[in-house]
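Visitor: fold the following for me, if possible:
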Amino acid sequence: MSLKFDLHCHSFFSGDGVSSPEQLIQAAKRRGLNGFAITDHNTFDAVKYMLDKGYMRADGQPVEQFLIIPGVEITTAEGHLLCLGPVLPNLKGRPALEVCHLVQEQGGLAIPPHPFDLFRAGIRQNVLNTLPIDAIEVFNAASTLKRYNRLALEYARRRGLPMTASSDAHHHAAIGIAYTVLDTEDFSVQGVLAQIPKQNQLNQTYLSKIGTIRKTWNNWLRLRKPKSIKNMLNQSPEN
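Guide: I've put the predicted structure just below:
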């Protein structure tokens, strides 16, 4: 079966995200996604929150026919790296090669996002060439310039790398704007992780002007204090 997954999304547990996990889930379902990867910056607080609230299962099975992949966007020494699958310790500032090895040793995937976007902290080509990555994000709906996505696509083709497309949503209205179509009969975290490094279809749509402005504004707010999981677990779900 074909499953639609947005593999790069942020909640308000990221310093630059604004939406609750509940808002992301509701918006993703409205867009017809089968699930998404939660990839907040350098924190698994959203994963812990959603496990506690019952939106995710520790055994990697879907909840009410909807599947959330645990993940994180780590700020490595050389730039951002999406790590999907295992819950990792704080690896911010560690070398990208070391992070790749750590996530893969635990059965996860290492996927560089927006690597050629010069206005964002992607891992650049001289380092990419040395990394054992599992796939590469060749379409980011929030890319500063469209040619940066084209450069990522050309690089993936030269290396024969699997490709992903994602929204890089920092607001629930953006989730599912772009996504990866995964052809697998195993509708579980394990099944999705096994399919991502294979050949997949990509849905490629850019953010609207309003969405781009919202994303830029959120980036300016990156240094604000993110939500505290301790406080959030003591609150009722936000709709």
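Visitor: distance between stretch 40-55 and the chain's centre?
Guide: Remark: stretch 40-55 is offset 13 Å from the chain centroid, using CA atoms, centre = their mean, to the nearest Å.
Visitor: return the residues in contact with A28.
Guide: Listed by CB atoms under 8 Å, 6 or more residues apart in numbering, the contact set of A28 reads D6, G35, F36, F66, I175, G176. Yep, even glycine has a C-beta here, placed from its N, CA and C like the rest.
Visitor: that one should be in a strand, yeah?
Guide: No - assigned with DSSP: H, G, I helix; E, B strand; the rest coil, A28 falls outside any strand and is helix.
Visitor: measure it to G60 for me?
Guide: Distance of A28 to G60, computed by CB to CB, to the nearest Å: 18 Å.
Visitor: which residues in the chain form strands?
Guide: If DSSP state E is used as the criterion, the strands of the chain fall at 2-9, 35-38, 67-76, 79-84, 109-111, 136-140, 163-166, 179-183, 201-203.
Visitor: what bridges to I68?
Guide: F36 (DSSP bridges).
Visitor: give me the pLDDT value at it.
Guide: Per-residue pLDDT puts I68 at 98.
Visitor: likewise for the one 10 residues further on?
Guide: Here, the pLDDT recorded for E78 equals 98.
Visitor: the one 3 residues further on now?
Guide: At L81, the model reports a pLDDT of 98.
Visitor: ok, it touching V127?
Guide: No - here L81 does not reach V127: they are 10.1 Å apart, not a contact under CB atoms under 8 Å.
Visitor: need the residues touching each of these two.
Guide: With CB under 8 Å, 6+ apart as the test, L81 and V127 both reach A96.
Visitor: which of the two has more neighbours?
Guide: Legend: neighbour count by other CB atoms under 10 Å for L81 and V127, higher for L81 (25 against 18).
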